[in-house]
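Novice: With the input below, show me the fold.
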Amino acid sequence: MEGTSNFGPPNITSNGSSKCVPGSFVEVIPIDPRIVENQTTSSAGTVYPDWERAMKITFYTFSFIMAVCGNSMVILTILLNKKMKTTTNCLILNLAVSDLLIGLLCMWVHLGSQIEPEWPFGSVVCKMKHFVQVIVVTSSTLTLMVISADRLVAIVFPLRSRLSPLLTGMAIGLTWLISIGTALPQLIVMEQKELFWKNRHEVWCEESWPRVYVNEDCDVTEPGRKVYYTVYVVVIYFLSVVFMVAAYTLIMVTIVTRKLPGTVTDSIVAAQDKSKRKVVRMLMAVVVTFIVCWTPQQLLLLWQVYRVPGEYPHYIDGLKYAALYIAYSNSSINPLLYGGLNEHFRRSFMHICQCTRLRNRNRVAPESIPGVVETHAETDHVQTNL
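Specialist: Numbers count the residues shown, from 1 in each chain. Alright, predicted model coming up:
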């Protein structure tokens, strides 16, 4: 999330006395937007130079096309190919849906707010922008955690029961329910505000959390905002990352060290080694990309919540834009990982691009996606043990 917007001034409040009561809520007085219509403001808002606007539009156009087209192809590949409808790939499908929604619903909002001096999208989008963003980001995070748990059981504990189709559907539904519940507070706190100056119509979109006096000097804090973002960043993101790193570490150690029982032929050993390398490469690519893309944004959220009042370096706005753009770009990178590291996805993408029917799709062995059962007898044994 972008955090509190920089559009406009803070809420105008009244404490009703010369001293404030610590622990009491700040009373917010509704302001008539036209109260300043006879006054002139010297502020013109943030005016972005043409070169900066052009660069932002170019970068976001590329990311938007990659996210929408790439994740659409991932979804079609899994839906149209019976061999791809495994537990892991159903979860990847859910991840692709989240990534697609980031492209369709989040990228253009962030771009528009970063090239215009005023909030350009109206009150409805202001209410919905963080709500939708929290839903899709939380869903992506939880889906990746479920994938890591499923791979952990399948590879490290192969004799234990794995997710059935019913449990997979329930897990996917639960991720969306948790995501929606996590995002609900955003519908309450996000507000579009405006002031009609004599020389400017000032419009901004910001979070309005209840504020509490911390001392008799009328310094205020937003305890609800601190609790919300602390729980969101620490529990939803960082604990999920810790779990995924631990799970994938065990997976990679198991893949590298475990040997097949009994006597195996040289061809099976070669197939096993090849499969191990592909599994390790895929897992490392997905985890590293996710952490690299999203960690800066999560750290900035915590900084905004706990920063010293009045401390706001001049470079922070540019840093916030870059962090959120990189985070959104993860949705564009994931399809490239699937296509680059998995032959089945890659060939299916080519078929879709060529607008041909996928009549021969079941002949392609999807060996580089963990959990996809192969049709070749020789590699069946290797994949089952992975």
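
Novice: would you list every one of the strands in this structure?
Specialist: 13-14, 27-28, 190-196, 201-207, 212-213, 220-221 (DSSP state E).

Novice: just the helices in the protein please.
Specialist: Counting by DSSP state H, the chain has helices at residues 50-80, 87-101, 107-113, 122-156, 165-189, 223-230, 239-257, 266-306, 316-341, 343-353, 377-385.

Novice: what's next to the shortest one, contact-wise?
Specialist: What that stands for is helix 107-113. When contacts are defined by Cβ atoms under 8 Å, 6 or more residues apart in numbering, helix 107-113 is touched by residues 2, 5, 56-57, 60, 63-64, 67, 119-121, 125, 129, 205, 321, 324-325, 328. C-beta coordinates here come from the backbone N, C-alpha and C atoms, glycine included.

Novice: Most tightly packed of the helices of the chain?
Specialist: Of the helices of the chain, the one with the most neighbours on average (mean count of other Cβ atoms under 10 Å) is helix 87-101, at a mean of 23.

Novice: How far away from the center of its chain is stretch 21-41?
Specialist: Stretch 21-41 has its C-alpha centroid displaced from the chain centroid by 35 Å (Cα atoms, centre = their mean, to the nearest Å).

Novice: roughly how far apart are the one residue sitting closest to the centre of the chain and residue 76?
Specialist: With distances taken as Cα atoms, centre = their mean, residue 137 lies nearest the centre of the chain, 3.2 Å away. According to Cβ to Cβ, to the nearest Å, residue 137 and residue 76 sit 24 Å apart.

Novice: so who does the residue nearest to the centre of the chain touch?
Specialist: Residue 137 makes contacts with 1, 98, 102, 294, 327, as judged by Cβ under 8 Å, 6+ apart.

Novice: what two of those residues are the furthest from one another?
Specialist: 1 and 98 (15.2 Å; Cβ to Cβ).

Novice: In the stretch 101-250 of the chain, where is pLDDT below threshold?
Specialist: Counting by pLDDT under 70, the stretch 101-250 of the chain contains low-confidence ranges at 161.

Novice: on that earlier part again, what is the lowest-pLDDT residue among the contacts of residue 137?
Specialist: Here the lowest pLDDT out of those sits on residue 1, with 62.

Novice: closest to residue 306 among the contacts of residue 137?
Specialist: Using Cβ to Cβ, those come closest to residue 306 at residue 1, 15.3 Å.

Novice: could I get stretch 103-119 in CSV with only the CA atoms?
Specialist: The C-alpha trace of stretch 103-119 is given here as CSV (Å, rounded to 0.1, in the frame of the first residue of the first chain):
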residue,chain,number,x,y,z
GLY,A,103,-2.5,-5.4,-13.2
LEU,A,104,-6.1,-4.7,-13.9
LEU,A,105,-7.1,-2.9,-10.7
CYS,A,106,-4.0,-1.5,-9.0
MET,A,107,-1.3,-0.5,-11.5
TRP,A,108,-3.2,2.3,-13.3
VAL,A,109,-4.4,3.8,-10.0
HIS,A,110,-0.9,4.1,-8.7
LEU,A,111,0.3,5.5,-12.0
GLY,A,112,-2.5,8.1,-12.2
SER,A,113,-1.9,9.3,-8.7
GLN,A,114,1.8,9.7,-9.4
ILE,A,115,1.5,11.9,-12.6
GLU,A,116,-1.3,14.2,-11.6
PRO,A,117,-1.1,17.1,-9.1
GLU,A,118,-4.6,16.3,-7.7
TRP,A,119,-6.3,12.9,-7.0
